[in-house]
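Undergrad: Give me a model of this one.
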Amino acid sequence: MNGTIQKKRPSRVNPLGWLIREFTRIRLTVWLLIVMGVTMIVGSIFPQGYGAETYVSAWGEARYLMYAKLGLLNLFHSKYFLVLGVILLLNLVFCSVVRLSGRRAGARSGEAPGYARRLRIGGAGTRADRACNVLTSRGYRILSDTGGTLTARRGPWPEGVSLLYHIAMAIAIVGFIISAVFSFEGDVTLWPGEP
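TA: Presented below is the predicted three-dimensional model:
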C-alpha cells in the first residue's frame with residue numbers, strides 16, 4: 001500500500017441465512033413462550049368468546065368497551081395469538097432441521113465432537129482394539145473406528161429423542177393453530193324428544 005487507507009467493504013448479509021439464524025435461536029423460543037404464557041394467563045382471567053350483552057351485564061358498558069378495545073375478550077382467536085403460534089412452529093422446525101443437519105455433518109467430518117471424553121487405555125493389543133474392548137465392556141456401542149478416531153455411544157440416539165420431542169411439539173402447535181382458526185364456542189339447547 002502506498003500510504004492510503006483502504007476501507008474494508010461491508011460483507012453482504014444473506015437475508016435468508018439471517019432469517020434462519022434468527023429462527024433457530026433459543027432466545028426467540030424463550031421469549032415466545034413467555035409472551036404466550038402471559039397471554040394465556042390474561043385469557044384465563046378474562047372470560048373469552050361471549051356476546052357483548054353478557055359482558056355489558058357483568059361489567060357495565062364502559063369496562064366492556066375498554067376491555068374489548070384492548071382485545072382481551074377474544075385472545076385465543078386473535079391474529080396476534082395465531083402469529084405467535086406460527087412463529088413458534090417455524091422456530092421449532094428450523095431448530096430441528098439445523099440441529100440434525102449439523103450433527104450429521106460433524107459426525108462425517110471425523111473430528112471428535114466438543115462433548116467427547118478422552119480415555120487413557122492400557123493393556124495388551126493395539127490402542128483401537130483396547131479402546132473398543134473398554135468401551136463395549138462399559139456398555140457403549142461402537143459406531144465407527146476410522147483415522148485414529150473411535151466413535152461410540154451409550155443410550156438412545158440423542159438426536160432421535162430430540163427429534164421425536166420436536167415432532168410432538170410441532171403436532172401440538174399445528175393442533176393449536178387449527179383450533180384457533182376453526183373452533184368456535186356457543187350454546188346449544190336440546191329439548192327432550194326433539195332431534
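Undergrad: tell me which residues in the helix or strand containing residue 175 are buried?
TA: Assignment of secondary structure by DSSP states H and E places residue 175 within helix 158-182. Applying a neighbour-count criterion of 16 or more other CB atoms under 10 Å, the buried positions in helix 158-182 are 166, 170, 173, 176, 177, 180. Every residue, glycine included, has its C-beta placed from N, CA and C.
Undergrad: so how far is the longest helix anywhere in the chain from its chain's centroid?
TA: In the chain, ranked by residue count with DSSP state H as the criterion, the top helix is helix 79-109. Averaged C-alpha coordinates place helix 79-109 at 6 Å from its chain's average position (CA atoms, centre = their mean, to the nearest Å).
Undergrad: Which other helices and strands does the helix or strand following that helix contact?
TA: Counting by DSSP H and E, the next helix or strand C-terminal to helix 79-109 is helix 127-137. Helices and strands touching helix 127-137, by 3 or more CB pairs under 8 Å, 6 or more residues apart in numbering; DSSP states H and E, are strand 141-146, strand 149-153.
Undergrad: could you give the mean pLDDT of the longest helix of the chain?
TA: The average of the pLDDT scores along helix 79-109 is 76.
Undergrad: hmm, back to that, return the member of the buried residues of helix 158-182 nearest to residue 154.
TA: Here the nearest of these to residue 154, counting by CB to CB, is residue 166; it sits at 22.5 Å.
Undergrad: hang on, the earlier thing: what comes up buried for the longest helix of the chain?
TA: Under the neighbour-count criterion of 16+ other CB under 10 Å, helix 79-109 has 81, 84-85, 87-96 buried.
Undergrad: Which members of these are the farthest-apart pair?
TA: Greatest spacing in these, by CB to CB: 81 and 96 (23.0 Å).
Undergrad: Tell me how many other residues surround residue 61.
TA: Taking other CB atoms under 10 Å as the neighbour definition, residue 61 ends up with a count of 11.
Undergrad: pLDDT wise, what is it at?
TA: You'll see residue 61 listed with a pLDDT of 93.
Undergrad: quick one: contacts for the residue sitting nearest the centre point of the chain?
TA: A centroid search over the chain (CA atoms, centre = their mean) returns residue 92, at 3.0 Å, as the residue closest to the centre. For residue 92, the residues meeting the contact criterion (CB atoms under 8 Å, 6 or more residues apart in numbering) are 29, 166, 169, 170, 173.
Undergrad: which non-adjacent residue is nearest the second one?
TA: Okay, so that is residue 166. Computed as CB to CB, 6 or more residues apart in numbering, the closest residue to residue 166 that is not its neighbour in sequence is residue 96, at 4.4 Å.
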